[in-house]
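Asks: build me a structure from this.
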Amino acid sequence: MASEETKRLMLFSGRSNPALGREIAEHLGIQLGKVEVASFSNGEIYVRYLESVRGADVFVVQTLSEPVNDNLVELLIMVDALKRASAHRIFAVVPHYGYARQDKKAAAREPITAKLVADLLTTAGINRMITVDLHAGQIQGFFNVPVDHLMGLPLLAGYFKEKNLKDLVVVSPDVGRVKMAKRYADKLGASLAILHKTRPAHNVAEITHVIGEVKGHSCLMIDDMVDTAGTLTTGAQALIDHGAKEVYASATHAVLSGPAVERIKNSVIKELVTTNTIPVPEHKMIPKFKVLSISGLLAQAIRNVYEDRSVSALFDGQNQP
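Replies: Predicted structure coming up:
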């Protein structure tokens with residue numbers, strides 16, 4: 001058993017978001033650990049830690065961004081290598097948890113991939129996971145190890161509070177995000193509106209109703225992620241059509257797949273504010289994007305977990321969806 005004298009915190013990063021790993025290490029005042037991660041010519045992944053991890057509490061930063069499958073397998077292999085190298089405890093720091101949208105069977109013969117990924121990580125050998133804004137809060141229960149569920153709300157809401165927008169209405173993109181939208185509204189002293197959304201086809205969103213008063217108001221649409229941006233851009237246009245003065249958008253995870261960037265560029269959205277849980281490549285950056293760093297929050301959570309202190313205290317005990 002590691003004593004207080006021998007207890008060590010070590011931080012490593014996979015290849016999905018090394019810049020975030022370096023930022024977290026800087027906040028913690030430590031050096032990012034040395035690990036060799038490479039791909040064989042057939043795509044298989046090779047991992048070797050270049051320093052001893054025996055007896056250490058090891059945190060591995062790996063966001064499940066594109067290419068999602070490669071980054072997931074890379075994380076599993078990094079965890080397996082740590083287990084076989086006798087790390088004391090292994091913590092997966094997964095800022096964006098992939099495959100989270102399939103958290104239940106919505107139709108016959110569908111998988112529940114959020115549970116599958118949880119099983120894979122647990123079997124690989126993690127002792128705990130730290131993540132940010134899960135698509136569905138119940139995913140925490142898919143794990144048989146503790147999950148620290150952080151929120152991007154303080155960071156994102158703080159940005160808009162500084163903008164001091166007048167007559168602000170926080171808009172939930174669907175009924176599933178109403179609770180989170182209410183928290184944003186309370187923090188910003190704003191009123192609340194809800195969009196009624198239907199999905200006639202995969203990755204297609206249609207807004208049928210706007211519930212709440214938006215005419216003449218500045219609107220802030222919030223969501224956990226922006227993928228193809230169909231919901232955001234369609235919703236923003238619906239708000240303008242209902243008399244909104246201007247529309248801002250906020251999403252923790254900038255997936256930005258397919259036509260997302262072009263849609264946002266050509267939309268009525270004035271600004272999209274997101275975090276660096278997923279790296280936004282240079283070729284996708286447009287003037288409408290504002291990326292805030294989540295590294296400080298992750299570093300504080302890592303510190304609290306390592307020192308066996310409360311993580312929910314970072315959110316006044318309200319870090320539940």
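Asks: what are the ranges of the strands in this protein?
Replies: Taking DSSP state E to define them, one finds strands in the chain at 9-13, 35-39, 45-49, 57-61, 89-94, 128-132, 147-150, 168-172, 191-201, 204-211, 218-226, 246-254, 269-275, 289-292.
Asks: quick one: the first one to strand 89-94, angle?
Replies: Going by axes from the mean of the first three to the mean of the last three Cα atoms, to 10 degrees, strand 9-13 is angled at 40 degrees with respect to strand 89-94.
Asks: quick revisit: can you flag the weakest of the strands of the chain by average pLDDT?
Replies: Here the lowest mean pLDDT among the strands of the chain goes to strand 204-211, at a mean of 72.
Asks: quick check: Ala193 touching Asp174?
Replies: No: using Cβ atoms under 8 Å, Ala193 makes no contact with Asp174, being 12.0 Å away. Quick note: C-beta positions are derived from backbone N, CA and C, even for glycine.
Asks: so those two - more neighbours on which side?
Replies: Neighbour totals were compared for Ala193 and Asp174, and Ala193 leads with 23 against 18 (other Cβ atoms under 10 Å).
Asks: and the gap between that one and Leu153?
Replies: Distance from Ala193 to Leu153, counting by Cβ to Cβ, to the nearest Å: 18 Å.
Asks: ok, and the closest non-adjacent residue to Ser52?
Replies: Ala85 (7.6 Å; Cβ to Cβ, 6 or more residues apart in numbering).
Asks: tell me the contacts of that neighbour?
Replies: 49, 52-54 (Cβ atoms under 8 Å, 6 or more residues apart in numbering).
Asks: measure how far the lengthiest helix in the chain is from the centre of its chain, please.
Replies: For the chain, the helix with the greatest residue count under DSSP state H is helix 68-84. Here the centre of helix 68-84 is set off from its chain's centre by 19 Å, with Cα atoms, centre = their mean, to the nearest Å.
Asks: so which elements touch it?
Replies: Counting contacts by 3 or more Cβ pairs under 8 Å, 6 or more residues apart in numbering; DSSP states H and E, helix 68-84 is packed against strand 35-39, strand 45-49, strand 57-61, strand 89-94, helix 113-124.
Asks: okay if I get those as TSV plus distance to Phe12?
Replies: As requested, those are arranged in TSV below (distance: least, Cβ to Cβ, whole Å):
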stretch	distance to Phe12
strand 35-39	5
strand 45-49	7
strand 57-61	5
strand 89-94	10
helix 113-124	15
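Asks: could I get the contacting residues of the closest residue to Ala181 other than its chain neighbours?
Replies: Spatially, and ignoring its direct neighbours in sequence, Ala181 is nearest to Ser172 (3.7 Å; Cβ to Cβ, 6+ apart). Contacts for Ser172 were tallied using Cβ under 8 Å, 6+ apart; they are 178, 180-181, 192-195, 222.
Asks: now the residues you listed: which count as buried?
Replies: 180-181, 192-195, 222 (16 or more other Cβ atoms under 10 Å).
Asks: looking at the residues you listed, spot the one nearest Asp308.
Replies: Met180 (28.7 Å; Cβ to Cβ).
Asks: pLDDT at that closest one, what is it?
Replies: pLDDT at Met180 comes out at 91.
Asks: let me see the contact set for it.
Replies: Going by Cβ under 8 Å, 6+ apart, the list of residues near Met180 reads 153, 172, 222, 224, 321.
Asks: okay, now the unreliable bits of the chain?
Replies: 1-6, 197-206, 208, 317-321 (pLDDT under 70).
Asks: from Arg89, how far off is the one residue sitting closest to the centre of it?
Replies: When Cα atoms, centre = their mean is applied to the chain, the residue found nearest the centroid is His96 (3.7 Å). Distance, His96 to Arg89, using Cβ to Cβ: 23 Å.
Asks: wait, what's in contact with Lys288?
Replies: Per Cβ under 8 Å, 6+ apart, neighbours of Lys288: 264-265, 269-272.
Asks: looking at the contacts of Ser172, spot the one nearest Ala238.
Replies: Using Cβ to Cβ, the contacts of Ser172 come closest to Ala238 at Leu195, 6.6 Å.
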